[in-house]
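Q: just a sequence and a predicted model for now, questions to come.
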Amino acid sequence: MVQQQLGRTPRGVVAVAHRCPCGAPDVVTTLPQLPDGTPFPTTYYATCPRLTAALSTLESEGVMKDMQRRLGEDPSLAEGYRRAHTAYLADRALLGVPEEIDGISAGGMPDRVKCLHVLAAHALAAGPGVNPLGDQTLALLPQWWTTQPCAPAENEGADR
């Protein structure tokens with residue numbers, strides 16, 4: 001299913017971290033070092049094409065810029081985001097820590113907001129209350145699973 005969602009063979013996947021309400025995987029857990037040796041800091045990777053499209057729409061609407069601004073203005077939000085960074089690193093440490101990415105989480109944590117896909121994937125995998133900006137991102141999303149199944153049709157997405 002993940003291969004069909006991505007339109008390619010998944011790399012370094014060790015588990016399904018979250019399932020969409022439709023039942024399909026929407027976030028996978030990946031190794032911090034891919035089989036070819038490449039460091040890969042994105043422990044939680046969104047795979048559902050409907051979810052990733054909805055997240056891309058939010059990014060194009062400037063949600064990251066607004067979150068970045070609020071991160072600089074709200075000490076409580078900034079502290080929660082730092083805790084999310086620490087939680088992300090702790091999760092990844094269970095899988096190993098390549099030297100090249102030691103201390104680096106993903107999505108811009110702990111100081112920047114640069115990828116809603118990572119923040120939402122972390123929030124889905126870890127559950128509510130772990131990543132405040134991931135939780136806020138999820139709250140902004142439409143119910144992506146209600147209109148179509150999360151896996152593209154056989155001929156859809158073949159060029160990804």
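A: Ah, there it is. In this text the structure is predicted, and so the values were computed from the model without any measurement.
Q: pull the number of nearby residues for the nearest residue to P142 once chain neighbours are set aside.
A: Of all residues not flanking P142 in the chain, A54 sits nearest, at 6.0 Å (CB to CB, 6 or more residues apart in numbering). Where C-beta positions appear, they are placed from N, C-alpha and C, glycine not excepted. Neighbours of A54 under the rule other CB atoms under 10 Å: 19.
Q: contacting residues around stretch 119-129?
A: When contacts are defined by CB atoms under 8 Å, 6 or more residues apart in numbering, stretch 119-129 is touched by residues 17-18, 26-27, 29, 42-46, 51, 55, 84, 87-88, 91, 106-107, 109, 113, 130-131, 133-135, 137-138, 141.
Q: of these, select the buried ones using a PyMOL command.
A: To isolate the buried members of those in PyMOL, using 16 or more other CB atoms under 10 Å:
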select buried, resi 17+18+26+27+29+42+43+44+45+46+51+55+84+87+88+91+106+107+109+113+130+131+133+134+135+137+138
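Q: so which of the contacts of stretch 119-129 belong to helices?
A: Judged by DSSP state H, these include L51, L55, A84, A87, Y88, D91, L133, G134, D135, T137, L138 as members of helices.
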